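Q: Need a 3D model of the sequence below.
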Amino acid sequence: MLIKVVMKTHIIRVLIVVIVSLFVVLNEGSIVYTGGGNSASAAEKRVYKHSSGNEYEYKGVLKDNLPHGHGVATFSGGSKYTGGFNNGKMHGQGTYTWANGAKYVGEYKDGKMHGQGTYTLADGVT
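A: As a prediction, this is how the structure comes out:
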């Protein structure tokens with residue numbers, strides 16, 4: 001019985017590493033603004049497309065037409081990031097929630113999870 005629990009926990013941790021690694025790979029690269037116009041208020045939503053092909057809607061502070069400061073990015077697959085941005089990349093403190101309910105709360109640097117953070121599975125296991 002104990003071996004089954006240990007194996008299940010190990011498999012879950014391996015899956016978490018794979019998911020987080022995939023997330024980091026998908027969030028590297030350039031950001032392209034695909035909306036119209038040259039200016040936006042902080043309340044206006046804008047659509048961006050990452051070089052990985054992942055499209056997201058962004059609502060928040062902009063600098064040079066890029067997310068910069070605090071904002072919310074809602075991805076086409078149902079995932080959501082709320083937190084800091086720097087030149088279009090997740091940066092500083094933030095929360096990323098996957099469509100399945102899993103969540104990472106922690107630090108980001110240049111679009112990648114970096115530093116301290118907590119990953120919580122959809123069922124609440126950390």
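
Q: can you count the residues close to Gly115?
A: A count of neighbours around Gly115, defined by other C-beta atoms under 10 Å, yields 11. To be clear about C-beta, it is placed using only N, CA and C from the backbone, and glycine gets the same treatment.

Q: That one and Glu55: what is the separation?
A: Applying C-beta to C-beta, to the nearest Å, the value for Gly115 to Glu55 is 27 Å.

Q: Likewise for Lys112?
A: 19 Å.

Q: At which residues are the helices of this protein located?
A: 2-26 (DSSP state H).

Q: Tell me where it has strands.
A: With DSSP state E as the criterion, the chain has strands at 31-33, 45-50, 55-63, 66-75, 80-86, 89-97, 103-109, 112-120.

Q: Show me what the last one is packed up against.
A: Using 3 or more C-beta pairs under 8 Å, 6 or more residues apart in numbering; DSSP states H and E, the elements in contact with strand 112-120 are helix 2-26, strand 103-109.

Q: hmm, 6 Å instead?
A: With contacts taken as 3 or more C-beta pairs under 6 Å, 6 or more residues apart in numbering; DSSP states H and E, strand 112-120 sits against strand 103-109.

Q: Quick one: work out the angle between the strand it packs on and strand 89-97.
A: Orientation check (axes from the mean of the first three to the mean of the last three C-alpha atoms, to 10 degrees): strand 103-109 against strand 89-97 gives 170 degrees.

Q: Enumerate the positions of strand 103-109 that are buried.
A: Buried residues in strand 103-109, counted by 16 or more other C-beta atoms under 10 Å: Lys103, Tyr104, Val105, Gly106, Glu107, Tyr108.

Q: All set now, cheers.
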